[in-house]
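Chemist: I'd like to go over a predicted model; first the sequence, then the structure.
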Amino acid sequence: MQANSAILTIIDQVNHVLAQLKPHEYRQQLPEFEGSTLGQHFRHILEFFQCLEQGFDSGMVDYAARERNLLYEDHPEIAAVAFGAFAVALPNFDAMQPVEVRAEFGGLERPAYTSTIGRELLFVYDHAIHHLAMIKIGLLGHFPHVRTDQNLGVSPSTIKARNTQAT
């Protein structure tokens, strides 16, 4: 599976969950998240995708310069539209295109490192899986009516290892 199809699979999984959540559930603070919400996690995933898209256009990716758009964390239907917009833009990405990535280590300096769009696709993919694993914990604990793909939040290497152990 290539990066684009893997990310599209994640977007499908995300939109499947978003379609099942009521806005008050999406905005509910969860103790497992220390008061954060599912919506905040979905917004965070989305905005990393958007930062990469902006970086594709500008040549500089800055994940720390996220918009932190409250509409995405308060309204699952608006987040779903934005995830869909990223899916539409994704085929235009050139994985070999060089890009600079602005780092954030908490100090005054913010160095930039050379990368490629392909490497950053891998990063946002892995980052999304990480957050989806946390989202799944929140869903299982508080919203058992929401049905998810069994592999939501599971890395491909873990899926392969499980399949190998099962045979």
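Modeler: Great, that's in hand.
Chemist: residues contacting the closest residue to Ile10 other than its chain neighbours?
Modeler: With sequence-adjacent residues excluded and distances taken as C-beta to C-beta, 6 or more residues apart in numbering, Ile10 is closest to Ala128, at 5.1 Å. All C-beta spots, glycine's among them, are computed from the backbone N, C-alpha and C. Residues in contact with Ala128, defined by C-beta atoms under 8 Å, 6 or more residues apart in numbering, are Ile7, Ile10, Val14, Ile45, Phe48, Phe49.
Chemist: Could you list the buried residues of the helix or strand hosting Ala128?
Modeler: Assigned by DSSP states H and E, Ala128 belongs to helix 117-142. Across helix 117-142, burial judged by 16 or more other C-beta atoms under 10 Å covers 117-118, 120-125, 127-129, 131-132, 134-136, 138-139.
Chemist: do stretch 107-120 as well
Modeler: In stretch 107-120, counting by 16+ other C-beta under 10 Å, buried: Ser115, Ile117, Gly118, Glu120.
Chemist: Of the residues you listed, which is the nearest to Thr148?
Modeler: Taking C-beta to C-beta as the measure, Thr148 sits nearest to Glu120 out of the buried residues of stretch 107-120, at 26.2 Å.
Chemist: Go ahead and confirm the closest one touches Gln54.
Modeler: No: using C-beta atoms under 8 Å, Glu120 is not in contact with Gln54; the gap is 11.3 Å.
Chemist: Report the set of residues contacting both of the two.
Modeler: With C-beta under 8 Å, 6+ apart, Glu120 and Gln54 have common neighbours Val61.
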